[in-house]
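Asker: Fold the following.
(chains A, B, C, D, E, F, G, H, I and J)
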10 protein chains.
Amino acid sequence: MRSILETFSNSFPQRNYLIEIICPEFTSVCPKTGQPDFGTITFQYTPNELCIELKSLKLYLQQFRSRGIFYENVTNQILDDMVHVLSPRWMKIRASFTPRGGISTSVIIEYPFPN
Amino acid sequence: MRSILETFSNSFPQRNYLIEIICPEFTSVCPKTGQPDFGTITFQYTPNELCIELKSLKLYLQQFRSRGIFYENVTNQILDDMVHVLSPRWMKIRASFTPRGGISTSVIIEYPFPN
Amino acid sequence: MRSILETFSNSFPQRNYLIEIICPEFTSVCPKTGQPDFGTITFQYTPNELCIELKSLKLYLQQFRSRGIFYENVTNQILDDMVHVLSPRWMKIRASFTPRGGISTSVIIEYPFPN
Amino acid sequence: MRSILETFSNSFPQRNYLIEIICPEFTSVCPKTGQPDFGTITFQYTPNELCIELKSLKLYLQQFRSRGIFYENVTNQILDDMVHVLSPRWMKIRASFTPRGGISTSVIIEYPFPN
Amino acid sequence: MRSILETFSNSFPQRNYLIEIICPEFTSVCPKTGQPDFGTITFQYTPNELCIELKSLKLYLQQFRSRGIFYENVTNQILDDMVHVLSPRWMKIRASFTPRGGISTSVIIEYPFPN
Amino acid sequence: MRSILETFSNSFPQRNYLIEIICPEFTSVCPKTGQPDFGTITFQYTPNELCIELKSLKLYLQQFRSRGIFYENVTNQILDDMVHVLSPRWMKIRASFTPRGGISTSVIIEYPFPN
Amino acid sequence: MRSILETFSNSFPQRNYLIEIICPEFTSVCPKTGQPDFGTITFQYTPNELCIELKSLKLYLQQFRSRGIFYENVTNQILDDMVHVLSPRWMKIRASFTPRGGISTSVIIEYPFPN
Amino acid sequence: MRSILETFSNSFPQRNYLIEIICPEFTSVCPKTGQPDFGTITFQYTPNELCIELKSLKLYLQQFRSRGIFYENVTNQILDDMVHVLSPRWMKIRASFTPRGGISTSVIIEYPFPN
Amino acid sequence: MRSILETFSNSFPQRNYLIEIICPEFTSVCPKTGQPDFGTITFQYTPNELCIELKSLKLYLQQFRSRGIFYENVTNQILDDMVHVLSPRWMKIRASFTPRGGISTSVIIEYPFPN
Amino acid sequence: MRSILETFSNSFPQRNYLIEIICPEFTSVCPKTGQPDFGTITFQYTPNELCIELKSLKLYLQQFRSRGIFYENVTNQILDDMVHVLSPRWMKIRASFTPRGGISTSVIIEYPFPN
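Answerer: Numbers count the residues shown, from 1 in each chain, chains lettered A, B, ... in the order given. The predicted model follows:
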């Protein structure tokens, strides 16, 4: 799936700065109930040599539209794919899902993983 | 009561990440007045080997629906039950109750207990 | 159930005025799933000879806490009970329930029933 | 109590216009429980020959600070006193009280009384 | 598609009242770009003999998940299907879609169609 | 004071349309206490042959900066000046002042004056 | 300018329904100061035989990016162009501009023009 | 005054946790003007052996209803009384008063007092 | 100007606590354009031996009503005057001005000045 | 481009304080699609010897109105130009752009660049 992600050269690799990307139109499928899940994925990262190309990120996230996958797994996989493609200096992902059974869930992961 | 809580394997035990769960439909009974209390329970935790299964958490919280229990006790008991079942690396619970007599109360507990 | 509702004399029966009562702590049980429902009941009425006593209204609404009843039925029954006890000149009830399966529902009834 | 209300001459009696006054610091005492009530009183009126002087309105409303009086009565009495002193062409009062036992109440009166 | 919609008997057909249903998790596909659209569908209706069963409504709306269809068409079709199945006395649908190219669109249809 | 108001030709005098102007930076002086008052003046009008030039309106309103004048009088005078200069088909002014002694006041005038 | 506007056939010309389009990214140039203006254009219309194609609307509005034009004129011209191209049964445009000199302005036009 | 405050045993004295109490219905009297003051008192504390009983806290705060006392003094006195009765490990009080003369004031005190 | 500022004795000089004062009705004059500026001044300070008397602070700030002074200068001067009069242990001032030319500006100063 | 930026002398160079400037009316052009981008640029800086003159900053930002430039580049260039002209002790820029394809992006840069 991650092969769809495209990058472009960071023009300012010698400085540490932050890019924040908010994707409120994420949807996947609950592997247990087969029902669609909806959420907002927020990325924050400090680029190294590469930045993520936004249209390819949109298409990458759309690949989850028909996939059955749990909250924790989808968030970790997105982090892994982004880290693999970008090798960022730092990255944080927050995935916040809409309520099911009256309960809302978010998964928050930071890379490098804190001790 | 805690036997109703179910878990599933954390697929990423080697990394520290955060799961946040918001349950705005909590209700119990005030042991003094016999009147129902209403509140929102928010969990934040870093899983170890186990994650909480959400439907079982919902059913667990519903067990308080007819129980008479004070704010402080219910929050501490929920923390104890969750810690017993999950052995998380870190957990924080905030229980925020609706106003009674014009006064709103929250109880916030963090595990491991700070010094 | 309606026998628990108490009234007091409207001191100003010769004038038409409005009383609005908002009860955000309503809970009943879904007869299909056995799961608790949560909602806000809002009353607006023009009293005739009688006004509703608020504590008795609270106790009346608490009687639904363990009852299995559908949204449409609970709202119509509350209207019927209130109309029976108060004989108001006009009354409107809005019952707004929290999301289930990502869907929120409200039921709105006005008395006398519009043509 | 109404003798404390002062007025000044409406400089534009030949035109119908609206004055809106919001008093969010109203407090009285519940005659049943002896506990203080808190609310916001909103006035809207079209003056005839007289307008209400604001400081005297503030002092008038402060007279309820130690008085035991029900929601419906306090709102009707304020309307009666204001109508007596101002003889407005039209007046509407909305009194919105803070929650008690999880229930919020407002009383809304319009003068002349609608049929 | 409409065969998936289930109904239940309106227990109060002799009175006109309103049911409001908000579905914020609607998604379909733009037939022009192949990109997913996201929106909120709000229903208001006065039932005749039948009410819509909520879970079947959820499943009905999920059928649009992979269909390419324009905003105007999807809203009109949902209205037609609901009217066909429910024969309501009155119904209004508002479909509000998230921004595309910086532009947000809503389609609002009322039945019976106003002159 | 009104001589400072400038106008420009309405290019569309044959059609009725609405212009809305919000001025949140109004300040005058209370003639009783000598203390400054602050408020927001909102205009809505349907132009006839003339529209108000915005910079001249700003300078006109600034003339009240050092003037002692009551809420009711300032609002009526602004309406009179605007009507005199613009001869609009319709105009409504809402002047909303910040709280004094915990009480907020607005004055709302419509031209032509309603019966 | 209006030649850039494209339409598509209204598939439901026999029914009256409403389309609402919100364009918060409008910018033009003040002909007096040469400074850019910013605003939100909101359209509401009941289509006749034709609906507006959204991408062409976006490109049409972008044509104002470098044009010097007053608030009243730009709003009236957009209405005229849309009416010319769509021949709608009804249309309303609200153009709300950001503050200049502390003053915000909106222009609201409805077609057919009210008497 | 502090003798009215009642406590109950902290069931979890071996752990450090936080209790937050929000009291938006505080009122006292300004000793200078004799006019009532209104505010919100927010408590946060880590209990030692004792927790505050909420109804007694409400009655304690009501004792200020007729007392003339300055903002700084009332906040410090409430802290002193609470610390005397509870001997908490940590406590913070924020008292936020409504605007007077267009100016809002808060007083924030933490115990033990920071260096 | 600072001679108008009055103080009163801090009754609790042995403890470090915080006083926060919000003044949303500040206005001065731009020395470049002669146009009025509007803003909100927020003070936070830890008193030493003296506290600021609020009415004198209001009168002090009103002295800027007719003075031409830049944002940076007015904020620094207010800080200097307050520090001169109060000798606080710590003070922070935030002055936030309303937009001019679509641009909003705030100036934030802390005393003692950070390195 | 940066030659348009004007400065004035910081009257308080011996103290570290903060100036915050919010510019919500930024627009440039996407070099890929040729479509306009819209965003809010927020500056925070501690001046050294020089402060930025606001009108020149407005004119400087308007130079991007017709330029094709990527989010990351525009933000870095603005920082570089401001640092070149002001030599501030510290500066942070946040550029937040409106959604494209359902995705919002911000770029945040701090000077001196953190390690």
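Asker: Quick one: check the helix or strand containing residue A:75 for contact with chain B.
Answerer: Assigned by DSSP states H and E, residue A:75 belongs to helix A:71-86. Yes. For helix A:71-86, a contact with chain B is found by CB under 8 Å from any CB of the partner chain, at A:72-73, A:75-76. Backbone N, C-alpha and C define where each C-beta goes, glycine included.
Asker: most surrounded residue in these?
Answerer: residue A:75 (25 neighbours; other CB atoms under 10 Å in any protein chain shown).
Asker: for it, what are its contacts?
Answerer: A:41, A:93, A:95, A:107-109, B:17 (CB atoms under 8 Å, 6 or more residues apart in numbering or on different chains).
Asker: Pick out whichever of these sits closest to chain G.
Answerer: Lowest distance from chain G to the contacts of residue A:75 (CB to the nearest CB) belongs to residue A:41, with 23.4 Å.
Asker: Could I get the pLDDT score of residue A:1?
Answerer: As predicted, residue A:1 sits at a pLDDT of 83.
Asker: Without its sequence neighbours, what residue ends up closest to it?
Answerer: Ranked by CB to CB, 6 or more residues apart in numbering or on different chains and with sequence neighbours excluded, the top spatial neighbour of residue A:1 is residue A:63, at 5.1 Å.
Asker: Can you tell me how far that neighbour is from chain C?
Answerer: 22 Å (CB to the nearest CB, to the nearest Å).
Asker: Am I right that residue A:3 falls within a helix?
Answerer: Yes. Applying DSSP: H, G, I helix; E, B strand; the rest coil, one finds residue A:3 inside a helix.
Asker: pLDDT value on the spatially most central residue of chain A, please?
Answerer: Closest to where the C-alpha atoms of chain A average out (CA atoms, centre = their mean) is residue A:78, at 4.3 Å. On pLDDT, residue A:78 comes in at 98.
Asker: quick one, what contacts the spatially closest residue to it that is not a sequence neighbour?
Answerer: Sequence neighbours aside, residue A:93 is the residue nearest to residue A:78 in space, at 6.0 Å (criterion: CB to CB, 6+ apart). Each residue near residue A:93 by CB under 8 Å, 6+ apart is listed here: A:41-44, A:75, A:78-79, A:82, A:107-109.
Asker: give me the beta-bridge partners of residue A:109?
Answerer: Beta-bridge partners for residue A:109, by DSSP bridges, are residue A:93.
Asker: rewinding a little: out of the contacts of residue A:75, flag the one nearest to residue H:103.
Answerer: residue A:108 (40.3 Å; CB to CB).
Asker: wait, doesn't the closest one sit right on residue B:16?
Answerer: No. Taking CB atoms under 8 Å as the definition, residue A:108 is not a contact partner of residue B:16, at 10.5 Å.
Asker: on that earlier part again, and the residues of helix A:71-86 next to chain B, which is closest to residue C:58?
Answerer: Of the residues of helix A:71-86 next to chain B, the one sitting nearest to residue C:58 (CB to CB) turns out to be residue A:72, at 41.2 Å.
Asker: Now that closest one: closest residue in space, sequence neighbours ignored.
Answerer: Closest to residue A:72 by CB to CB, 6+ apart is residue A:107, at 5.6 Å.
Asker: per-residue pLDDT, the one you found?
Answerer: pLDDT, read off for residue A:107, is 98.
Asker: hang on, it in a strand?
Answerer: Yes. Per three-state DSSP, residue A:107 lies within a strand segment.
Asker: Contact partners for it?
Answerer: So residue A:107 contacts A:71-72, A:75-76, A:93-95, B:17-20 (CB under 8 Å, 6+ apart).
Asker: Excluding sequence neighbours, find me the nearest residue to the residue of chain A found nearest chain G.
Answerer: Closest residue of chain A to chain G, CB to the nearest CB: residue A:24 (16.2 Å). In this structure, residue A:24 finds its nearest non-sequential neighbour in residue A:40, 4.4 Å apart by CB to CB, 6+ apart.
Asker: Which of the residues in the one helix or strand the one you found maps to are classified as buried?
Answerer: Per DSSP H and E: residue A:40 is located in strand A:36-46. Buried residues in strand A:36-46, counting neighbours by 16 or more other CB atoms under 10 Å in any protein chain shown, are found at A:36-39, A:41-46.
Asker: One more: stretch A:90-101?
Answerer: Neighbour-count burial for stretch A:90-101 flags A:91-101 (criterion: 16+ other CB under 10 Å).
Asker: For chain A, what lies in contact range of chain J?
Answerer: A:10-12, A:14-25, A:51, A:54-55, A:57-58.
Asker: if you set the cut-off to 10 Å instead, what comes out?
Answerer: A:8, A:10-12, A:14-26, A:41-44, A:46-47, A:51-55, A:57-59, A:61 (CB under 10 Å from any CB of the partner chain).
Asker: Buried ones only from these, please, as a ChimeraX command.
Answerer: In ChimeraX, this line selects whichever of the residues of chain A next to chain J come out buried by 16+ other CB under 10 Å:
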select /A:10,12,15,16,17,18,19,20,21,22,23,24,25,26,41,42,43,44,46,47,51,52,54,57,58,61
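Asker: Now for the residues of helix A:71-86 next to chain B: which two are most distant?
Answerer: Spanning the widest gap among the residues of helix A:71-86 next to chain B are A:73 and A:75, at 7.4 Å by CB to CB.
Asker: what does chain A have sitting close to chain C?
Answerer: Contacts of chain A with chain C, taken as CB under 10 Å from any CB, map to A:33, A:35-38, A:98-102.
Asker: Which residue, neighbours along the chain excluded, lies closest to residue A:21?
Answerer: residue A:43 (4.3 Å).
Asker: Same question for residue A:5.
Answerer: Closest to residue A:5 by CB to CB, 6+ apart is residue A:85, at 4.6 Å.
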